[in-house]
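S.K.: Structure for the following, please:
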Amino acid sequence: MKMIKDFLYLLFPENCFGCQAVLVAGEKTICTGCQIRLPKTNHFINHENDLKIRFYGRVNFKYAIAMLHYSKHGIVQQLLRNLKYKNAPEIGYFLGNLAASEMQYYGINYGFETIIPVPLHKKRHKLRGYNQAEAFAKPIADKLNIVLDIDSIERKVANQSQTKFSGLARWQNVKDIFFVNNHVNIQNKNVLLVDDVVTTGATIESLIEEVLKCNPKSISLITIADAS
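M.R.: Numbers count the residues shown, from 1 in each chain. A predicted model of the protein is given here:
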């Protein structure tokens with residue numbers, strides 16, 4: 001069986017989603033070089049970080065964590081494009097495992113009780129085949145033994161991608177797009193919201209408006225990258 005697998009790998013080698021180099025034995029999804037070059041933040045240990053501070057006066061986050069810094073034409077942009085548009089949910093799983101490992105490494109007890117990835121509209125979910133935020137959230141939920149909630153809130157409006165808008169138009173594009181199906185699963189819980197990337201924060205704030213209707217104990221955020 002191993003000989004067949006090795007032969008198939010020679011015919012159809014796997015490439016790194018960050019730089020397109022051929023992955024070698026022991027590597028998966030992202031090559032070792034790209035892993036080393038990932039522009040990590042210090043948000044897992046610095047809880048009063050720039051992302052949380054940016055939301056002061058807008059959202060009272062208990063924790064706000066961006067795992068990576070985003071820059072145009074950088075490796076994070078490449079990974080996010082592949083994750084969202086190239087049918088590569090494994091990138092989300094890989095980065096979610098990395099985020100969960102960071103939390104475990106620092107021994108931080110965040111006290112999260114439920115994880116809610118930013119929902120996709122049903123039409124977009126069907127076209128893409130998966131929710132990229134959910135792909136990132138699932139390994140975190142599994143490793144830290146937290147409930148993954150993908151049913152309590154839905155995206156009721158198939159709004160256009162935020163990349164097509166700027167300024168005030170971004171806020172108008174995501175106004176009232178979410179709907180709470182089940183208050184009980186969120187009420188009095190320490191909730192962790194999960195997104196792939198934060199730019200203006202408009203989508204997250206729209207989601208938080210609905211979450212707050214359920215009277216959670218606290219709200220936190222983790223995202224793959226901060227593109228502010």
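S.K.: any idea how this structure splits into domains?
M.R.: 1-37, 38-226 (automatic domain parsing).
S.K.: can you redo those domains as TSV with mean neighbour count and mean pLDDT?
M.R.: Using the backbone N, CA and C atoms, a C-beta is placed for each residue, glycine as well. As requested, these are exported to TSV (neighbours: other C-beta atoms under 10 Å; pLDDT from 0 to 100):
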stretch	mean neighbour count	mean pLDDT
domain 1-37	12	79
domain 38-226	17	92
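S.K.: Can you list the residue ranges for strands in the chain?
M.R.: 64-69, 114-117, 147-148, 153-155, 178-180, 190-198, 218-226 (DSSP state E).
S.K.: Break down the protein into its helices, ranges please.
M.R.: 2-11, 32-37, 50-54, 75-85, 89-105, 122-128, 132-144, 168-173, 202-212 (DSSP state H).
S.K.: which residues touch the longest one?
M.R.: Just to be clear, that refers to helix 89-105. 17, 28-30, 44, 65, 67-68, 79, 82-83, 110, 129-130, 132-140, 142-144, 196, 222, 224 (C-beta atoms under 8 Å, 6 or more residues apart in numbering).
S.K.: will you turn the strands of the chain into JSON lines that also has distance to Leu95?
M.R.: Shown next, in JSON lines, are the strands of the chain (distance: least, C-beta to C-beta, whole Å):
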{"stretch": "strand 64-69", "distance to Leu95": "7"}
{"stretch": "strand 114-117", "distance to Leu95": "13"}
{"stretch": "strand 147-148", "distance to Leu95": "16"}
{"stretch": "strand 153-155", "distance to Leu95": "22"}
{"stretch": "strand 178-180", "distance to Leu95": "24"}
{"stretch": "strand 190-198", "distance to Leu95": "9"}
{"stretch": "strand 218-226", "distance to Leu95": "6"}
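S.K.: and of the ones you listed, who's closest to Arg37?
M.R.: strand 64-69 (10.7 Å; C-beta to C-beta).
S.K.: Which residues does that closest one contact?
M.R.: 38-41, 43-44, 49, 51-52, 55, 76, 95, 98-99, 102, 198, 220-226.
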